[in-house]
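Peer 1: structure for the following, please:
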Amino acid sequence: MGLFTTLKDKIFGHPDAKRAPAPAAPPAAPAAPIVASAPQPQPVDVEATLAYLAEKSGQPSNWRESIVDLMKLVDMDSSLAARKELADDLGYTGDKNDSASMNIWLHKQVMAKLATAKA
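Peer 2: So this is what the prediction gives:
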């Protein structure tokens, strides 16, 4: 998923990404051996990060409803060609010449995928 991965990486890898509080870990079983593992990346609070970026930009942004504004917020090309490419990446089967419908679908898909994405 080329463009979606780029968009996700721009949010999750942004230096100002807001880290969500780590969920409480269940206590380890007393008989379990202690095994060192690589630290897990902390989850990113996508909403807080995007809200912060919008505030920091000083420009009006409707990123909560507009795929164009969302892409601009993370410094991505938001042209129709780029949105059509993103639609291809995400499996859009509708008419790409109906940009309004495509944009609404794209925004819903991107936000849903970001909600379940990991860094």
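
Peer 1: quick one: the helices in the chain?
Peer 2: 2-12, 46-57, 67-73, 80-90, 99-116 (DSSP state H).

Peer 1: got the angle between the longest one and helix 46-57?
Peer 2: I take that to be helix 99-116. Counting by axes from the mean of the first three to the mean of the last three C-alpha atoms, to 10 degrees, helix 99-116 points 120 degrees away from the direction of helix 46-57.

Peer 1: so how far is helix 99-116 off the chain centroid?
Peer 2: 11 Å (C-alpha atoms, centre = their mean, to the nearest Å).

Peer 1: so that helix versus helix 2-12, what angle?
Peer 2: When the same axes, to 10 degrees is applied, the directions of helix 99-116 and helix 2-12 differ by 50 degrees.

Peer 1: what sits up against helix 99-116?
Peer 2: Residues outside helix 99-116 that contact it (C-beta atoms under 8 Å, 6 or more residues apart in numbering): 4, 7-8, 11, 46, 65-68, 70, 80, 83-84, 86-87, 90, 92, 94-96. From N, CA and C alone the C-beta is placed, and that goes for glycine too.
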